[in-house]
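Engineer: just a sequence and a predicted model for now, questions to come.
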Amino acid sequence: MSPKARAVTVLLTPFFVLFTVVMVVPIGYALWLSLFTEQQSGLGFGGTQTVFTGLGNYLTALGDHAFRDGFLVLIGYCALYIPLLLAGGLALALLLDSALARARRFFQLALFLPHAVPGIIAALIWVYLYTPQLSPVIGALKSGGLDFSFLSPGGALPAVVNIALWEWLGYNMVIFYAALQAIDRSVIEAATVDGAGAWRIATGIKIPLIRSSVVMVALFTVIGSLQLFTEPLIINQASSAALTSSWTPNMYAYAAAFTRNDYGLAAAASVLLALAAAVLSFAITRLSQRTPRSRTKGRTA
Amino acid sequence: MTDRTTAGPATAAPADGTDRPGDRAAATPAGTPGTAPVQRAPRGTVRAAARPSRSRWLSKAAVNGTLVLAVLYTLFPLVWLVTAATKDAGGLLAGNAFSFEGFDLGGNLSRLASYNDGVYFRWYANSLLYAGGGALLSALVSVAAGYAFDTYEFPGKERLFGVVLLGVLVPTTALALPLYLLAAKTGLVNTYWSVLIPVLAHPFGVYLARVFSAGYVPGEAIEAARMDGAGELRIFWSIGLRMLMPGFVTIFLFQFTAIWNNFFLPLVMLSDQRLFPLSLGLYAWNSNTHAEPSYYPLVVTGSLLAVIPLVIAFVALQRHWKAGLAAGSVK
Amino acid sequence: MSRSWSRTSVAIAGATAALAVLTACGGGDPAAAGDGGHVTITYWGWAKGTKQTVDAFNATHDDITVKYEEIPSGGAGGYAKIANAVKAGNAPDLVSIEYPSLPEFVSQGSLQDITQYVTDDLKKQLLPQAVELTTLGGKNWAVPFDAAPQTYYYRKDFFTQHKIEVPKTWDEFRTAAAAVKKADPKARIGTFFPDDPTTFEAMVWQAGARWFATEGDAWKVDTTDPATKKVTAYWQGLLDDGLVNSATSFSPAWTGALKSGDTVGYLGASWGAGALKGLVPDQSGKWAAAPMPTWDGKPAGGMLGGSTWAVTKDSHQAAAAVKFATWMSTSPDAIKARLSSGDSSAYPAAAALRPVAKKAFDTGFYGGQDLYGLFDGAAAAIKRDWAWGPTGGTTNTTLKDAFGKAADGNGTLADAVRSAQDATVRELRKRGLKVAGQ
């Protein structure tokens, strides 16, 4: 083994060992577990035994409308959340990038700060702010003639979207802003000289130039939405009327493992969730085609 | 086998050539990553000259006014958290959110410190251990791998890196339950390890490390060290890692945040309160508020204290998270 | 339907008889713990005052040391922790389990049969209904701690001011609900808790329903019997006519309504007296308690909550664990220690502890009313035929999810109860259990 090959081995091994242990093996184990179920006999007071069930758990999960509805919720969530996140993040980044903005450092920091708040704490804060008796916001909205209940079935989705938006708006705004900053200034100056207004420059030049960032943020947000758990969990605790205990697929899997004690079903649901992630990941790599590979090859200058 | 060091000068920017931290770092390896809005003045003056000052003043007000509104949205829940943390249970439930009715910050803090023999600060220490220790090891592992990917050529390299990228896309909570089932089988469940080990593999950190390595570690430096007869690992340790330090801090910061905020993994793994991180402890208290309203001030005050370290970190390390996000923006 | 009804009663009577025989012959001595050596047992619970209780035990016992760990309350993740720990083989010796969840733990094989330690002498000290609820398949699975007879709390000042009679029957309750609303359009007599199916279950229990019964070696699930239908229709009517609030139990929304006087009553249980006092301390002296309204005006009740102590499957310290559990449930020192941590109106299953508990609870909040006297009556009136099923998690989660929708006008309570029936039967079948008469 050459010294370089040895160095590569030493440097890469820790990561790939960990990668295997915490990402590959658990998926394999979940696949295995998902093929079994627990059976009882008599009145069930004699304990359980494990039996092979083939794809039984997958059929149970897919046949359960609570699980399928979870994916519908995710679609609805993405349909509402992603446009708001992109439009809001882009708008703020463009404003910040415009020559007129002041105190850019402050704005970046202040908009980014919610990202420092753990999701669970963000959810707790917002649930207070959603509760009519406690909230200064609901009261203000009400006196403004807007009587909206976040803790109701119709309000749950906006409630969750708002928490997510609060946590991620600034984060993604900074990503867009960084991409905008990287635009070659001469392009913009040329357009300005040609008499293009700020709006035209923003929509006609800047946004197309950072298109790849926008696409990546959108797709990663879709993947991230598969993880939706903490915020709805806290809302469910505050008001079970707003959303059910298996509102998202992840909540379903959690409830299967921890409320129904059905590990096989939980494993099957997790595998299906990971499968959905894999399909989306595949879509991402297809769509983006921007892996660092192109960089290595193109570096000849 | 061709190393990147022999493939050509390391002047090319990482990713697609528009990445700012890489650009700057390539020019000055020890330079600061991140964006520098200050340098943008010339553009403003060009446009200012083309417009009447009144309308310019209005546009300026509109732009900054909108930004201020957005900041109000992001900051007011945090302001609420601060005022709420000063209230006793009665004042909290009385609803006058921003007043100082029922002011009892001192009482809240002392109850927080004394409840259940000060278990809150044990959670605090645990969070620091999980996030600090986890992020440190994870950043080291990531930087080593990212450096290797950047510095060496070896068979199957890009295929292997594709696996890393795929790992970036796997939602961690989809893994948490399988991890739990595995940990239950191996008896690791409800131990420090059950929360610490899973966060060590951080594929995105490897990606970032490769990008940073391409930007910060010039091939010439490595080549020169080789000429001096230094071993490959020694070069990594004494040259690569040192030059990568700003990137290391960035990766550390992101991983620290992710672990500090992690909830699902400890939720499924831990049952012993003495092992809880803050997120889980506060969740447990919050579930108790239903039967015991005296928990409300504990949860709110505890939340405030739990947010402080990250707020300080983000204020102090602005250039690092900006650099991380800038690198992430072109992934 | 009537055929299976009578058969169910026979089955239950049979099970009870079998239990009597079994326990007469069985009977071990819990004091024989650890053969004289010193043992350490671990215990998981969450109730307030548990730490003080454990400290008191450790201070006075040399043969057993108890290590206590506080876990989240059962429904908030505590049960999941217990179930997982048993699966992982690192469970504590003793755990807290509420009555409705006990059969599920037993059927998962998470608990140990402790029949030999639950002596006749111990059973005689406890409320019979509580003992029955911890007896499954003729074996004892837990030591009851408290019973939780249903109790109605109301704002006496409001009722007096507006000359509203305190309701004794459900018909009167509806009349009173209308009167409350008329007296103050914002006020309501009570709250429907969509998140808490056990409150609803206590109501149907009181009305004479029996959701779970056994028939031979098969389970009989009946959540759509006439008694349940009656209760369902009644509450649907109250909700439809806007005569009760709907809010998550113990949420800020609910406590806020209590504070503002928009809610002037609380359909709860014995332990609710202490909770209410803690929630709205500034309303001291304005509240009073009454027996739960009944359908025919005669005393009847269900149980809402209540804890037991159970020994986990793999514990090698069952004798010591039961000894400690018995001490917690029957020793005056234990209850004193528990109540020292603050206001609790727990109603012990052990008759001997009730005077101690009564003395410890200051009823000034209720104008000095004799609450424990009231609880005594309510506890005696707890109906005896009710049993919980082995799918408590599924049944209650389904109910909770569907109640949430119904409370918001999405479907009805009857739909909710029907969906619970379906989900329960499906779950039983999935586990390989027999379901009778479906």
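Structural biologist: Structure received.
Engineer: residue 183: how many residues sit nearby?
Structural biologist: Reading this off chain A. Close neighbours of A:Ile183, defined as other CB atoms under 10 Å in any protein chain shown, add up to 15. Heads up, the C-betas are built off the backbone N, CA and C, glycines and all.
Engineer: sorry, I should have been clearer: chain B.
Structural biologist: Other residues near B:Ala183 number 23, with proximity taken as other CB under 10 Å.
Engineer: is it fair to say A:Leu43 lies in a strand?
Structural biologist: No. The assignment for A:Leu43, made by DSSP: H, G, I helix; E, B strand; the rest coil, is coil rather than a strand.
Engineer: mind checking how far it is from chain C?
Structural biologist: Shown here: A:Leu43 relative to chain C, a distance of 6 Å by CB to the nearest CB, to the nearest Å.
Engineer: okay, now that residue: neighbour count?
Structural biologist: If you count neighbours by other CB under 10 Å, A:Leu43 ends up with 23.
Engineer: pLDDT at it, what is it?
Structural biologist: A:Leu43 carries a pLDDT score of 73 in this model.
Engineer: quick check: it touching C:Thr214?
Structural biologist: Yes. The pair A:Leu43 / C:Thr214 is scored as a contact, 5.6 Å apart, by CB atoms under 8 Å.
Engineer: skip the chain neighbours and tell me the closest residue to C:Gly389.
Structural biologist: Residue nearest to C:Gly389 in three dimensions, not counting chain neighbours: C:Phe212, with 3.6 Å by CB to CB, 6 or more residues apart in numbering or on different chains.
Engineer: for B:Leu280, same thing?
Structural biologist: Leaving aside its chain neighbours, B:Leu280 sits nearest to B:Pro266 (4.5 Å; criterion: CB to CB, 6+ apart).
Engineer: how close does that neighbour get to B:Gly146?
Structural biologist: Distance, B:Pro266 to B:Gly146, using CB to CB, to the nearest Å: 27 Å.
Engineer: which one of those two has more residues nearby?
Structural biologist: When B:Pro266 and B:Gly146 are compared on other CB under 10 Å, the one with more neighbours turns out to be B:Gly146, at 30 against 23.
Engineer: starting at the chain centroid, how far to the host helix or strand of the more buried one?
Structural biologist: Following DSSP states H and E, one finds B:Gly146 within helix B:134-151. In terms of CA atoms, centre = their mean, to the nearest Å, the centre of helix B:134-151 is set 15 Å apart from its chain centre.
Engineer: cool, stretch B:202-220 as well?
Structural biologist: Taking CA atoms, centre = their mean, one finds the center of stretch B:202-220 at 17 Å from the center of the full chain.
Engineer: check A:Arg290 and give its pLDDT.
Structural biologist: According to the per-residue confidence, A:Arg290 scores 51 in pLDDT.
Engineer: residues of the stretch 151-300 of chain B that sit close to chain C?
Structural biologist: Residues of the stretch 151-300 of chain B found near chain C (CB under 8 Å from any CB of the partner chain) are B:180, B:183-184, B:187, B:189-190, B:267, B:271-274, B:283-284, B:287-294, B:296.
Engineer: and if you look at the stretch 51-200 of chain A?
Structural biologist: Counting by CB under 8 Å from any CB, the residues of the stretch 51-200 of chain A close to chain C are A:Thr60, A:Ala66, A:Tyr128, A:Thr131, A:Pro132, A:Gln133, A:Leu134, A:Leu151, A:Ser152, A:Pro153.
Engineer: can you put these in a markdown table and add neighbour count, secondary structure and distance to C:Tyr234?
Structural biologist: As requested, those are exported to a markdown table (neighbours: other CB atoms under 10 Å in any protein chain shown; DSSP: H, G, I helix; E, B strand; the rest coil; distance: CB to CB, whole Å):
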| residue | neighbour count | secondary structure | distance to C:Tyr234 |
| --- | --- | --- | --- |
| A:Thr60 | 20 | helix | 35 |
| A:Ala66 | 20 | helix | 28 |
| A:Tyr128 | 25 | helix | 34 |
| A:Thr131 | 25 | coil | 29 |
| A:Pro132 | 19 | coil | 27 |
| A:Gln133 | 22 | coil | 28 |
| A:Leu134 | 26 | coil | 32 |
| A:Leu151 | 24 | coil | 26 |
| A:Ser152 | 19 | coil | 24 |
| A:Pro153 | 18 | helix | 24 |
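Engineer: tell me what the top helix by length along chain B is packed against?
Structural biologist: For chain B, the longest helix by residue count, based on DSSP state H, is helix B:53-84. The criterion is 3 or more CB pairs under 8 Å, 6 or more residues apart in numbering or on different chains; DSSP states H and E, and the helices and strands that helix B:53-84 contacts are helix A:65-97, helix A:104-112, helix A:119-130, helix A:153-181, helix B:295-316.
Engineer: point out the most buried one among those helices.
Structural biologist: helix A:119-130 (a mean of 25; mean count of other CB atoms under 10 Å in any protein chain shown).
Engineer: tell me the helix or strand right after the lowest-mean-pLDDT helix or strand in chain C.
Structural biologist: Comparing every helix and strand of chain C by mean pLDDT, DSSP states H and E singles out helix C:2-25 as the least confident one, with a mean of 40. If you walk from helix C:2-25 toward the C-terminus, the next helix or strand you reach (DSSP H and E) is strand C:39-45.
Engineer: taking the stretch 101-250 of chain B, what residue is nearest to chain C?
Structural biologist: B:Ala184 (4.3 Å; CB to the nearest CB).
Engineer: for the helix or strand that residue falls within, packing partners?
Structural biologist: Assigning secondary structure by DSSP H and E places B:Ala184 in helix B:172-186. Contact partners of helix B:172-186 among helices and strands, from 3+ CB pairs under 8 Å, 6+ apart: helix A:25-33, helix A:249-258, helix A:263-288, helix B:264-269, helix C:78-88.
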